[in-house]
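Enquirer: okay, predicted coordinates and the sequence, questions at the end:
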Amino acid sequence: MKKHNFNAGPAILPAPVLEKAAESALNYEGIGLSVLEISHRSAEFKSILAQAEELARELLEIGDEYAVLFLTGGASSQFFMSAMNLLNEGDLATYVDTGSWSAKAIKEAKVFGEVEVIASSKDKGYTYIPKGYAIPENSKYLHLTSNNTIFGTQFQEWPETEVPFVCDMSSDIFSRPVDLSRFDLIYAGAQKNMGPAGTTLVIVKKDILGKVERTLPTMLNYETHIAKSSAFNTPPVYAIYVSMLTMKWVKETGGLTAMAHRNEAKAKLLYDAIDASTCFVGVAATEDRSLMNATFILTEEKKGLADQFLADCAAAQCVGVKGHRSVGGFRASIYNAMPIESVAALVEVIKVFDGKHG
Ligand SMILES: *Cc1c(COP(=O)(O)O)cnc(C)c1O
């Protein structure tokens, strides 16, 4: 039996996607070759790449003024690549610091320009989303992390701003509709909510590029990848293929609006159980709770029971519930591919635990 997979990333993929991916690893569409052993210049792979781009465009309603790229290096490379491609030396970039991933993005941007951290939730252990700050008009861009995978907070609305808007959507891309016109650059490592590890989706408004004076290494220049449709060098073919299958599954199951409804129902089921329990408390501020990563801890008196709870989870086939090493406690990642039945299985563990120890 398949376990209930609450891992934060790499994370759960839809069952039909895994089946198709497994079949294609042996024989892609009956051509007598694995998808893993065909040329990235073949008609077959070109079609996969074109479908991946088309599906991303359709799901997020991406207009022609944006390029859609599938790159390598993870979201971590986008921390520096975005800054490198958008900032001249001395230029100002504004960041909102909502967790470890934001902090890493800030560190990299400082290599290429001046960084102002306009708001931070570090004062309360990144348990909330800062609000009500003014964005300097002379900023080259504003950078946010839409969903804080480690701390379990998520932006529910975007700040009003005139400056270009850069967003790390690694852990909530395709989880809900977004008004794409608000953004100038979006990046997302695939392995949370879009596919397997190995590729990073980049959506970039073309007219913000080409304005920096520094010489960009060829591979680190977005314009290289735009000119060569993500195939300047050998792209991560299997990661792109499985991401394409996953996007197709999102489309076939109703698109982003239906996905958002299912994600809301799953998160409600879990948060309601946490709120009703006497043993557990949620980590994130209620209004900023993530629909993707629910973080919770045992109350002070019950703290000693952490290993017992994890053992109960394991016995119920619920895996990946241990919190990030920097935060402790528990984290249940309930990405798009997670069925509500799996969330219900975890909720049952919480309820039984609460009945026994509460
Ligand atoms: C996982 C994650 C990253 C880092 O992704 P890599 O692909 O490992 O570089 C960055 N930002 C967020 C929000 C993440 O969840």
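Expert: Nice, thanks for sending it over. Because the structure is predicted, anything quoted here is derived from the model rather than measured.

Enquirer: all contacts plus neighbour counts: C-alpha atoms, from now on.
Expert: Fine.

Enquirer: just the strands in this protein please.
Expert: Ranges of strands within the chain are 4-5, 66-71, 92-97, 114-120, 139-145, 147-148, 153-154, 165-168, 185-189, 200-205, 280-282, 293-298, 318-319, 330-333, based on DSSP state E.

Enquirer: out of these, indicate the one that is most buried.
Expert: A comparison of the strands of the chain by mean neighbour count, using mean count of other C-alpha atoms under 10 Å, puts strand 147-148 on top with a mean of 29.

Enquirer: in its sheet, what does it sit against?
Expert: Paired strands of strand 147-148, with direction, are strand 153-154 (antiparallel) (DSSP bridges).

Enquirer: take the strands of the chain and write them to CSV, including mean pLDDT.
Expert: Shown next, in CSV, are the strands of the chain (pLDDT from 0 to 100):
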stretch, mean pLDDT
strand 4-5, 98
strand 66-71, 98
strand 92-97, 98
strand 114-120, 98
strand 139-145, 98
strand 147-148, 98
strand 153-154, 98
strand 165-168, 98
strand 185-189, 98
strand 200-205, 98
strand 280-282, 97
strand 293-298, 98
strand 318-319, 98
strand 330-333, 98
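
Enquirer: do you know which of those lies nearest the ligand?
Expert: strand 185-189 (4.4 Å; C-alpha to the nearest ligand atom).

Enquirer: what does the stretch 101-250 of the chain have sitting close to the ligand?
Expert: Along the stretch 101-250 of the chain, the residues adjacent to the ligand under the rule C-alpha under 6 Å from any ligand atom are 101, 145, 147-149, 168, 170-171, 189.

Enquirer: hmm, try it at 8 Å
Expert: The stretch 101-250 of the chain comes close to the ligand at residues 101-102, 145-150, 168-171, 188-192, 197-200, as judged by C-alpha under 8 Å from any ligand atom.

Enquirer: wait, Ala316 sits on Val343?
Expert: No: contact status for Ala316 versus Val343: not in contact, 11.6 Å apart, counting by C-alpha atoms under 8 Å.

Enquirer: what are the ranges of the helices in this structure?
Expert: Along the chain, the stretches classed as helices by DSSP state H are 15-26, 43-60, 74-86, 100-109, 222-227, 237-252, 255-276, 306-315, 340-357.
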